[in-house]
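Peer 1: what follows is a protein structure lacking sequence information:
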């Protein structure tokens, strides 16, 4: 998988917070997972720069961290955008064509599942049912629900948040 | 010893308590097939090839990790088992790029062998996704082609467990699982030290060395070039395996004959420059001891170890011997001393180096590895590539006579030949250092304390009023342990030998790949080392400083060990490196 490089905006305060957390946890058995969770809590995602901090501070190979980060769905390798788009691919929305909505958004923004635009304005993910099957197909931008979506309406919806 | 008795396919067998079913079956002369299992480093029971039936249990058990128990009855080849294994193979094949005619492992592939044994009729029985992977040829020494990877994780175990590096691992999950590096970076941007242990661990053709066979053939047949070859000690302990001979076969004489028939202008031996290394390194050691230099001195023959030290222990670079490796020294001498002696323009010399090592492919390209502006070496071949050259040239291994090397650079001592086994460099250095210190002949040149396969060996010698404390290790996970002990002050030593590969160069990443079915039951490190120790015993000269060719080069060219010219040609420098962040 080729991941697009989005500028890392971590601060010295965030790094200090992570290093302090590592110091607290380093002697726990199986400390790596909770450290990674803490890092994601601090930074919102686990870019290579953050994995490097963990690797250096804990003396674990960075590949081991990456292997875990790509194994578990809970870890993000890309940041969350200012606006988080979520397209329902649950059964009802899916049979009403929500994959086409997802694909159209993906095409217009140039990002895939879990991706974030270069300007960090949008990130995209899919979800499984938002409990609004009667309105299928459904997409969300942050807390706004867009019902009975069509690929043709994608541009107009995104424009509201641009 | 506590033992247990069980039945394997109806045959009673008694084995030590704690044995696995696989080991018990081996003791009963029954071979259970394995793919992922590598003793001690990859005992994960993942590939499901070794499934067996155990009486009273409805489930099949993975023999490689299932503990044998007293009174157990195991069935290893029932129709149910055979059908199961066949299906496992078909499923592996469904996602394996099957280019078996052109694959570098064809004929020596563990998957291919099992498919033949299990009578796979249709290799495309299941059509898998067969995703495209980028071929990673970024590193100096190897290529990874994940389209052939069967996800056994043996390479990961070699990198992580044996070598303590872990620059490769399993990424993603489920069908997307693939072996690679952080953020799919090219291997060259990771902390890989080029040892090639992953290559010798791979059961299939997913990882292989960069091949220079064609380039070397072209050089040999270029009439304007004077093509020299040097061959490392450990190659003679492994090469015969490329021709189906058992592990532990001595190939020295046939090897020389083969090189001559391949058309090299002179057939030389890295043993010569191993002796030269001892002269320089023993002198350096005594100099550091007498003049308060940085101690402990650590050997510098193993380029995988050197890159590991530069990357993981940059603070210990001052401890490294400044001696080039024997490979580097040989090229430097060939393109200076030999060229002058023979009246050949060094620019016309092509120096080919045959090594049991893939890190040597990285080493010879290091910018500082040069002599008067020329590369010390021009091509580095592994033992495996050498085997391929011999086959390509149609040389009949069994018919090859045993021949000697050419003089003067083909002359080496018993001290030099043991460089190929862990402890060998230390022993060779001790033989010379002790005689230099005492001025008397050693009553016994065998330093048994530093031999063998124990993770870390230490010994203390009292020599002419001087206490010399030495430590020897191999495998970089072990080296890490040793260096951490030294840094913590838990172990005080004056001289350390480190070889990157477990067991030393005999088990180098460029040596013939031995199937796990053999490796799991025969210690290939020990068997190959025996070849070298026998050659040492059989050599009339067993101390580097008594090599007449070495005496001559110092008398007529270099002057004294450690002289200005010796430093210029035979010594080098190191570069601190980073573990992470090489991708910035």
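Peer 2: Now that the structure is in, tell me what you want to look at. Predicted model only: the values in this text are computed from it and were never measured.
Peer 1: would you mind finding the longest helix in the chain?
Peer 2: Answering for chain A, as no chain was given. When chain A is parsed with DSSP state H, its longest helix is helix A:12-25.
Peer 1: that's the wrong chain, I meant chain B
Peer 2: Looking across chain B with DSSP H, the single longest helix is helix B:270-290.
Peer 1: that one: what's the following helix or strand?
Peer 2: Next helix or strand after helix B:270-290 toward the C-terminus (DSSP states H and E): strand B:297-298.
Peer 1: still on that earlier bit, give me the contact list for the longest helix of chain A.
Peer 2: Applying C-beta atoms under 8 Å, 6 or more residues apart in numbering or on different chains, the contact partners of helix A:12-25 are A:31, A:34, A:35, A:38, A:39, A:42, A:43, A:50, A:53, A:54, A:57, A:58. All C-beta spots, glycine's among them, are computed from the backbone N, C-alpha and C.
Peer 1: got the contact list for the closest residue to chain B within chain A?
Peer 2: In chain A, the residue that lies nearest chain B is residue A:61 (3.2 Å; C-beta to the nearest C-beta). Neighbouring residues of residue A:61 by C-beta under 8 Å, 6+ apart: A:55, B:160, B:165, B:166, B:167, B:169, B:191.
Peer 1: mind running it again at 10 Å?
Peer 2: If you count contacts by C-beta atoms under 10 Å, 6 or more residues apart in numbering or on different chains, residue A:61 has them with A:55, A:67, B:159-160, B:164-169, B:181-182, B:190-191, B:579-580.
Peer 1: closest to residue B:45 out of these?
Peer 2: Residue B:45 lies nearest to residue B:160 out of these, by C-beta to C-beta, at 17.4 Å.
Peer 1: pretty sure that closest one is in a helix, no?
Peer 2: Yes - per DSSP: H, G, I helix; E, B strand; the rest coil, residue B:160 lies within a helix segment.
Peer 1: right, and it touches residue A:64 too?
Peer 2: Yes - at 8.0 Å, residue B:160 counts as touching residue A:64 under the criterion of C-beta atoms under 10 Å.
Peer 1: overlap in contacts, the two.
Peer 2: In terms of C-beta under 10 Å, 6+ apart, residue B:160 and residue A:64 are both contacted by the residues B:166, B:169.
Peer 1: quick one: average pLDDT of whatever helix or strand comes next after the longest helix of chain A?
Peer 2: Where DSSP H and E defines the elements, the next helix or strand beyond helix A:12-25 is helix A:32-43. In this model, helix A:32-43 carries a mean pLDDT of 96.
Peer 1: which positions in helix A:32-43 come out as buried?
Peer 2: A:32, A:35, A:36, A:38, A:39, A:40, A:42, A:43 (16 or more other C-beta atoms under 10 Å in any protein chain shown).
Peer 1: and if you look at stretch B:95-115?
Peer 2: In stretch B:95-115, counting by 16+ other C-beta under 10 Å, buried: B:95-98, B:100, B:103-105, B:108-112, B:114-115.
Peer 1: same check on stretch B:521-535?
Peer 2: Buried residues in stretch B:521-535 (16+ other C-beta under 10 Å): B:523, B:524, B:525, B:526, B:527, B:528, B:529, B:530, B:531, B:532, B:533, B:535.
Peer 1: mind picking the two most distant members of the buried residues of stretch B:95-115?
Peer 2: Farthest apart among these by C-beta to C-beta are B:95 and B:108. That separation is 21.3 Å.
Peer 1: count of neighbours near residue 19?
Peer 2: Chain wasn't specified; assuming chain A. The tally of other residues near residue A:19 (other C-beta atoms under 10 Å in any protein chain shown) stands at 14.
Peer 1: actually it's chain B I care about, not the one you picked
Peer 2: Residues within reach of residue B:19, counting by other C-beta under 10 Å, total 20.
Peer 1: that one reaches residue B:65, doesn't it?
Peer 2: No - judged on C-beta under 10 Å, residue B:19 makes no contact with residue B:65 at a distance of 11.6 Å.
Peer 1: can I take it that residue A:145 is in a strand?
Peer 2: Yes - counting by three-state DSSP, one finds residue A:145 located in a strand.
Peer 1: mind listing the residues bridging to it?
Peer 2: Beta-bridge pairing of residue A:145 under DSSP bridges involves residue A:140.
Peer 1: which ones are touching it?
Peer 2: Applying C-beta under 10 Å, 6+ apart to residue A:145 gives the contacts A:86, A:88, A:130, A:132, A:135, A:138, A:139.
Peer 1: check residue B:554 too.
Peer 2: By C-beta under 10 Å, 6+ apart, residue B:554 lies in contact with B:276, B:279, B:545, B:560, B:561, B:563, B:566.
Peer 1: can you put those residues in TSV and add distance to residue B:120?
Peer 2: Output for these, formatted as TSV (distance: C-beta to C-beta, whole Å):
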residue	distance to residue B:120
B:276	53
B:279	57
B:545	59
B:560	65
B:561	60
B:563	64
B:566	59
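Peer 1: need the pLDDT of residue A:7.
Peer 2: Looking at residue A:7, its pLDDT stands at 87.
Peer 1: go on, residue B:202?
Peer 2: 98.
Peer 1: so of the contacts of residue B:554, which two are at opposite extremes in space?
Peer 2: Across those (C-beta to C-beta), the longest gap, 15.2 Å, separates B:545 and B:563.
Peer 1: looking at those two, which one has more neighbours?
Peer 2: residue B:545 (20 against 16).
Peer 1: and the closest residue to the more buried one other than its chain neighbours, how many neighbours?
Peer 2: Excluding the flanking residues, the one nearest residue B:545 by C-beta to C-beta, 6 or more residues apart in numbering or on different chains is residue B:432, at 5.0 Å. Using other C-beta under 10 Å, residue B:432 has 25 other residues around it.
Peer 1: quick one: contacts for residue B:432?
Peer 2: Per C-beta under 10 Å, 6+ apart, neighbours of residue B:432: B:275, B:278-279, B:281-283, B:285-286, B:413, B:415, B:442, B:543-546, B:561.
Peer 1: per-residue pLDDT, the residue of chain A most remote from its centre?
Peer 2: Outermost residue of chain A with respect to the C-alpha centroid, by C-alpha atoms, centre = their mean, is residue A:27; its distance is 29.4 Å. In this model, residue A:27 is scored at 90, pLDDT.
Peer 1: what's the answer for residue B:158, then?
Peer 2: Looking at residue B:158, its pLDDT reads 98.
Peer 1: and if you look at residue B:584?
Peer 2: pLDDT at residue B:584 comes out at 64.
Peer 1: up against chain A, what does chain B have?
Peer 2: Contact residues, chain B versus chain A (C-beta under 10 Å from any C-beta of the partner chain): B:134, B:156, B:159-160, B:164-174, B:176-185, B:190-191, B:312, B:578-581, B:583-584.
Peer 1: in strands only, show me those residues.
Peer 2: Helix and strand membership here follows DSSP state E; of the residues of chain B next to chain A, those in strands are B:169, B:170, B:171, B:178, B:179, B:180.
Peer 1: beta-bridge partners for the last one, please?
Peer 2: Right, residue B:180. For residue B:180, the beta-bridge partners under DSSP bridges are residue B:169.
Peer 1: count the residues that sit near the closest residue to residue A:63 other than its chain neighbours.
Peer 2: Nearest non-adjacent residue to residue A:63, counting by C-beta to C-beta, 6+ apart: residue B:169, 4.3 Å away. When counting by other C-beta under 10 Å, one arrives at 23 neighbours for residue B:169.
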